[in-house]
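Q: sequence-free structure coming up:
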C-alpha cells in the first residue's frame, strides 16, 4: 500500500515538474521567439493565459506532491503508518540527514525562487532578465530530480557521470514533453480558425519546436544509453528482472514517440509551408495537433513507469530470472561469424527497402523479394543456434555468498554428505560410482546459475535435486565449492602459466592490530603460506627474506602448526585452511601467490619445481605476480561478485 502511494506521489511530482519546466522552456525558447518573428496573432493572448495558468497549477501541484513524497517515503523507511509518521520526527530526520532530504530542500528553494520570478514578471518587471531566470530555474528544477533517484547512489567519477547524464535526460524529456500540450492547443486552434496570422504563428512555433525536439531526442538517446548501462547494463538484467521489463516497456514507448515525431518532422511539417487555406496545409496542421496529443499520452505513461522504476532495485543489483530456453555461449558476441550474422540480419531487409525505393526492383517484385529476404534471414537465424547452449531460469544468477572461504568450506561439508557417493570429493579423489568429473574442462562452459539449477532440480535421470534437503545458501555454497575444486585441479596442472583464478575471500589479523581482507589487497602481491606442523624452519626463512612495500605475507596456521612470527599477518580460520587444501591437493604445507590484480596466480608445495625455498626463485615468482594475470578466471567461471 505504501509503495503504491509512493509511486503515485512520484508520478504526480514528475508530471507536474516536467510540465512546469517544459512549458517554461517552450515559452522562452520556442513561443516568444516565434512571436518575435511573425508578430502577435489572435491566439497569442489566449495561449499566454493558458501557459501562465498551466505553470501556476503545475508549480503548486509539484510542491504538494513533493511534500507527499517526503512523508510517504519517511513512512516507508520507518515502517510506521502515515499518521504516526506525521507526528514523529522521522520526516525531519529524512529531510535533514539524507541525500533525498537535501535534494528535496534544494528543489523546494528552486520552486520558491521560480514562483518569485513569475510573480515579479507578472507585475511588469523587465522581461529580458526574467526570461533567462525562468529558463535557468526551470532547467535546474527538473534536472535536480537526478539526485532523488538511483543515479545519486553511484559512487566516484562514475557516479558524477551518471548524475549528469540523468539530469540531462530529465531536462531533455521536459523540453520535449512540456511543449506538446501548448503546441497541440496552438495547432488545434489554428486548424479550427481562419486567421492567417494564427497559421503563421503555428508554423513558426512548430518549426522552432522541431529544432528543439531534435536536440532533445539526441540528448535522450545518448543519456538513455548511459543510464541503461549503469542500471541494467546486461541482457539478463533487462530480460530477467522486473526493473528490466519496465525499462524495456519505457524504451518501446520512447521508440514509438520517436517514430511519431520523425513522421511529423519529415512528412507533416513541410505541409505547413503551403498556403494556409489549402487542404494539404490544413490536413497537416490537424494531424500534427492529433499526433502531439498522442505523443503527450505516451510521454505521460513513460513518466508513470519512471516513477515505478525509482521504487525498484536496479536490474544489475537483482538476481535475474532468465526467461529463454537458450543463452549465448561465452565469447559469442566477439566471434566474427556471429558479428557478420547480426550485420546481415539488419542489412538484408534494409537492402530490399533501398532497392524498392530506388526503383531498382519494380513493385511487382515485392512479394518475391520479401520471400527471398525471409528465407535468407531464417537461414541466418538458424545458423546462430550454434552460438547458443541450453539455459535455465537461474543461468545468469551468481552466488550471493561472495565466494568466501567460509562458503567453500560449508559447500565441501555438504558435498561430502550429499554428493561424494557419486562424485569425487576433491583432493581425496574418492572414486565416483557414476556421474561426470567435476574438474573436467566442460565445467568451464557452465555458469554458476547452471550448476545451482542442477543441484536444485537434478540433472537427467541419474542426479536428483536437493531443493528440499539443502537450503538456498547451502546450494550456493556447493556451487562455490565446485568452482574452487575445479580451479584447484587446473592450478595444480599448470595448464596456463601466467593466468589466474578467482581467490576465495577471508580476513587475517596483522601485527599492527589491523584486520585485512584479501579483497582489499588489490595492487599488492599476496604471499599466502599454509603452515603445517613442519613449517617452523620455513617461516623463519621467510622472516629473514627481503620484503617489499607491495608484498603482503599471510600465514594460514593449520592445526598443530607452529605460531607464526610477529612479521606476518595470520589467520587460524579452519575454513581457510580447508579451502586452500583444495588448491594444494591436500598437501599440509603449501604456498600461493595472489597477483596485483587479485587473482590466484601460482602454487608451490614441497617436492614441486622450481623450489620456492630458494629465495631467488621466490623473488622471481613475486616479480611475475606484480603484473595482473590474464582474465582466464572470468571465462572459466562466471563469478559475478
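A: That came through, no problem. Every value quoted in this text rests on a predicted model; they were computed, and no experiment measured them.
Q: in the protein, which ranges drop under the pLDDT threshold?
A: For the chain, applying pLDDT under 70 flags the ranges 40-41, 124-129, 358-359, 424-436, 495-498, 564-565, 629-641.
Q: Domains in it, by residue range?
A: The chain breaks down into these domains under automatic domain parsing: 2-317, 326-390, 501-633.
Q: Tell me how far the first one lies from the chain's centre.
A: Relative to the chain's own centre, domain 2-317 is displaced by 23 Å; criterion: CA atoms, centre = their mean, to the nearest Å.
Q: okay if I get the domains of the chain as a markdown table plus mean neighbour count?
A: Glycine gets a C-beta too; all of them are placed from N, C-alpha and C. Below are the domains of the chain laid out as a markdown table (neighbours: other CB atoms under 10 Å):
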| stretch | mean neighbour count |
| --- | --- |
| domain 2-317 | 18 |
| domain 326-390 | 13 |
| domain 501-633 | 18 |
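Q: can you put those domains in JSON lines and add distance to residue 423?
A: Shown next, in JSON lines, are the domains of the chain (distance: least, CB to CB, whole Å):
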{"stretch": "domain 2-317", "distance to residue 423": "28"}
{"stretch": "domain 326-390", "distance to residue 423": "21"}
{"stretch": "domain 501-633", "distance to residue 423": "14"}
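Q: show me where the stretch 401-550 of the chain has strands.
A: In the stretch 401-550 of the chain, the strands defined using DSSP state E, counting those that start in this stretch lie at 501-502, 507-509, 515-517, 525-531.
Q: What is the distance between the second one and the centre of its chain?
A: What that stands for is strand 507-509. The answer for strand 507-509 is 33 Å, by CA atoms, centre = their mean.
Q: helices and strands around it, which ones?
A: strand 515-517, strand 569-571 (3 or more CB pairs under 8 Å, 6 or more residues apart in numbering; DSSP states H and E).
Q: same thing with the longest one?
A: Applying 3+ CB pairs under 8 Å, 6+ apart, one finds that strand 525-531 makes contact with helix 536-544, strand 551-557, helix 574-584, strand 590-594, helix 615-625.
Q: what angle sits between the first one and strand 590-594?
A: Angle of helix 536-544 versus strand 590-594, following axes from the mean of the first three to the mean of the last three CA atoms, to 10 degrees, is 30 degrees.
Q: And helix 536-544, what does it pack against?
A: Helix 536-544 packs on strand 525-531, going by 3+ CB pairs under 8 Å, 6+ apart.
Q: show me where the stretch 251-400 of the chain has helices.
A: Applying DSSP state H, counting those that start in this stretch to the stretch 251-400 of the chain gives helices spanning 279-309, 336-357, 366-383.
Q: Of those helices, which is nearest residue 449?
A: Evaluated over these, closeness to residue 449 peaks at helix 336-357, with 22.0 Å, by CB to CB.
Q: can you list contacts of that closest one?
A: Residues outside helix 336-357 that contact it (CB atoms under 8 Å, 6 or more residues apart in numbering): 332-333, 361, 363, 365-366, 369-370, 373, 376-377, 380-381, 383-384, 387.
Q: picking up where we left off before, so can I have CSV of the helices and strands packed on strand 525-531 showing distance to residue 291?
A: Shown next, in CSV, are these (distance: least, CB to CB, whole Å):
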stretch, distance to residue 291
helix 536-544, 76
strand 551-557, 65
helix 574-584, 63
strand 590-594, 61
helix 615-625, 63
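Q: and residue 327, which of those is closest to it?
A: helix 574-584 (28.3 Å).
Q: How far does the closest one sit from its chain's centre?
A: When distances are taken as CA atoms, centre = their mean, helix 574-584 is centred 35 Å away from the chain's centroid.
Q: and that helix, what does it pack onto?
A: helix 405-418, helix 472-493, strand 525-531, strand 551-557, strand 590-594, strand 599-604.
Q: Tell me what angle the last one forms with strand 590-594.
A: The one in question is strand 599-604. Relative orientation of strand 599-604 versus strand 590-594 (the same axes, to 10 degrees): 150 degrees.
Q: In the sheet, which strands lie alongside strand 599-604, parallel or antiparallel?
A: strand 501-502 (antiparallel), strand 590-594 (antiparallel) (DSSP bridges).
Q: from the contacts of helix 336-357, which is closest to residue 173?
A: The closest of these, once distances to residue 173 are taken by CB to CB, is residue 333, at 30.7 Å.
Q: what sits against the closest one?
A: Applying CB under 8 Å, 6+ apart, the residues contacting residue 333 are residue 339.
Q: give me the number of residues near residue 464?
A: 14 (other CB atoms under 10 Å).
Q: swap in the one 3 residues further on?
A: The number of residues packed around residue 467, counting by other CB under 10 Å, is 14.
Q: so how far is residue 148 from residue 222?
A: Using CB to CB, to the nearest Å, residue 222 is found at 22 Å from residue 148.
Q: ok, back up a step: tell me which of the helices and strands packed on helix 574-584 approaches residue 72 most closely.
A: Nearest of the helices and strands packed on helix 574-584 (CB to CB): helix 472-493, 32.3 Å.
Q: Any idea how far the closest one is from the middle of the chain?
A: 28 Å.
Q: Mind giving me the packing neighbours of that helix?
A: helix 405-418, helix 448-457, strand 501-502, helix 574-584, strand 599-604, helix 632-636.
Q: how about those, which one is nearest residue 217?
A: It is, among the helices and strands packed on helix 472-493 and with distance given as CB to CB, helix 632-636, at 36.7 Å.
Q: coming back round to it: go through the helices and strands packed on strand 525-531 and name the closest to residue 272.
A: Here strand 590-594 is closest among the helices and strands packed on strand 525-531 (CB to CB), at 68.6 Å.
Q: quick one: the closest one to helix 574-584, angle?
A: Using the same axes, to 10 degrees, strand 590-594 lies at 90 degrees relative to helix 574-584.
Q: List of residues touching strand 590-594?
A: So strand 590-594 is in contact with 503, 518, 521, 525-530, 580-581, 583-584, 600-605, 612, 621-622, 625, going by CB under 8 Å, 6+ apart.
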